[in-house]
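# what follows is a predicted structure for the sequence shown.
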Amino acid sequence: MTTLIPFAHRRNPDSSIDSICTSCFQTIASEDSVDKLIAHEEHHSCDPYWQFFGAASRRLVSDNRHESRETAQRCR
């Protein structure tokens with residue numbers, strides 16, 4: 001049995017359309033039509049590392065940016 005992964009589509013200011021996996025939240029492709037996105041979506045498989053550790057990595061980057069701003073403010 002094949003499980004379908006739903007994708008969200010977002011239109012960009014340049015009229016291109018992004019396909020975003022709603023499971024791993026990666027942008028799969030950007031094309032000028034939904035029809036062209038289908039092939040990318042059919043071939044996508046979520047990276048387990050990204051699913052389980054991606055959120056933690058993004059949080060770490062965010063924390064580091066916050067810490068850098070605090071350090072910069074103290075140095076002024």
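Sure, I can see it.
# partner residues bridging the closest residue in space to residue 41 that isn't next to it in sequence?
Of all residues not flanking residue 41 in the chain, residue 7 sits nearest, at 5.2 Å (CB to CB, 6 or more residues apart in numbering). The C-beta positions use only the backbone N, C-alpha and C, and glycine is treated the same way. Counting by DSSP bridges, residue 7 is bridged to residue 21.
# look at residue 7 and say how many residues are nearby.
When neighbours are defined as other CB atoms under 10 Å, residue 7 has 20 of them.
# domain-wise, how is this structure divided?
Per automatic domain parsing, the structural domains of the chain span 1-45, 47-76.
# which residues of this structure fall in strands?
Here the chain has its strands, by DSSP state E, at 7-11, 17-21, 27-31.
# got the contact list for residue 32?
Residues counted as contacts of residue 32 (CB atoms under 8 Å, 6 or more residues apart in numbering) are 15, 16, 17.
# separation between the residue lying closest to the first one once chain neighbours are set aside and residue 17?
Just to be clear, that refers to residue 15. In space, and not counting its chain neighbours, residue 15 is closest to residue 32: 6.8 Å by CB to CB, 6+ apart. Using CB to CB, to the nearest Å, residue 32 is found at 7 Å from residue 17.
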